[in-house]
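Colleague: model the structure of this input:
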Amino acid sequence: YERFYGTWQLVQLLRRAAARVEDRFPGSQLSVGELSGERGGRIAGHNSHRNGRDVDIAFYMLDGAGQPYVPFAFAEFDAQGRGKAPNEGLRFDDTRNWELVARLVADPHARVQYIFVGSALRGRLLAEGRRRGASGSVLMRAESVLVQPARGHPHRNHFHVRIFCDPSDRPQCVDRSPFWPWYPGIAPAGE
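Modeller: Next comes the predicted model:
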C-alpha cells in the first residue's frame with residue numbers, strides 16, 4: 001500500500017500551492033491522498049497514478065460552524081456544496097478550493113494537464129474565481145483543466161490532479177493529449 005510517491009515536480013507543486021492557500025487563509029491544511037507506487041506501474045483502484053504525475057487531494061471543507069475542517073477521509077458533496085451522508089454537517093469551501101485550483105493552474109514550474117472534479121463543483125469553483133476577479137488567463141486555464149471524467153469515478157469527493165511530463169524527463173516520460181497552450185515544450189507530432 002505504498003502509494004505516496006510522486007515526481008519532484010508534482011511534490012513541489014503541492015508544497016507551493018498548499019503554502020499559498022495557508023498564507024491567504026491561515027490554518028489551512030492540504031490533505032493528500034494517493035499518488036503512485038515507489039516504482040510506478042498499476043495500482044489497485046486507479047486507472048492512472050502509474051508514473052508519479054497524478055495525485056488525489058481532499059477538498060477543503062468547512063464544519064457546521066463555518067470553520068475549516070481537516071478531514072481524515074474524502075467527503076462527497078452535492079451541487080449546493082453540502083456534505084452527503086455520512087458528512088451532512090460539512091460544506092465545500094468554495095474560497096479555499098478556488099485558491100488551490102488557481103495556484104495549481106498558474107504555477108510556472110509544473111504545468112497542470114487536468115483536474116478531475118464533479119461538474120457541479122466545477123461550476124462552483126469557476127463562479128468563485130469570477131466573483132474574486134481572477135485574471136482571464138487563470139480562469140481560462142481552470143475552465144480547460146477542470147473536468148468531470150466521462151466515465152468512471154465522478155470526483156465529487158476529491159480532486160485528481162495530473163501534471164505534464166517535465167521536459168527533462170522526456171522521452172522516457174510520454175504525455176498524451178490534451179496539449180494546452182501552456183504545455184511545456186513542443187507537443188508531440190500528430191496529437
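
Colleague: what helix or strand does the residue nearest the centre of the chain sit in?
Modeller: Geometric centre of the chain, nearest residue: Val161, 3.8 Å, by C-alpha atoms, centre = their mean. Using DSSP states H and E, Val161 falls within strand 159-163.

Colleague: ok, that strand: who's next to it in the sheet?
Modeller: strand 54-57 (antiparallel), strand 112-116 (antiparallel) (DSSP bridges).

Colleague: nearest to Gly66, out of those?
Modeller: strand 54-57 (21.6 Å; C-beta to C-beta). No exception for glycine: its C-beta is placed from N, CA and C like everyone else's.

Colleague: the closest one: which residues count as buried?
Modeller: Going by neighbour count (16 or more other C-beta atoms under 10 Å), the buried part of strand 54-57 is Asp54, Val55, Asp56, Ile57.

Colleague: cool, and stretch 11-29?
Modeller: Burial within stretch 11-29, assessed by neighbour count using 16+ other C-beta under 10 Å, is assigned to Val11, Leu13, Leu14, Arg16, Ala17, Ala18, Arg20, Val21, Ser28.

Colleague: hmm, who's touching it?
Modeller: Applying C-beta atoms under 8 Å, 6 or more residues apart in numbering, the external contacts of stretch 11-29 come out as 6, 30, 32, 55, 57, 60, 68, 70, 95-96, 99-100, 103-104, 107, 109-110, 112, 163.

Colleague: and that stretch, average pLDDT?
Modeller: Regarding stretch 11-29, the rounded mean pLDDT is 95.

Colleague: mind pulling up the pLDDT for Glu2?
Modeller: At Glu2, pLDDT is 66.

Colleague: just give the closest residue to Tyr114, not the sequence neighbours.
Modeller: Val145 (4.7 Å; C-beta to C-beta, 6 or more residues apart in numbering).
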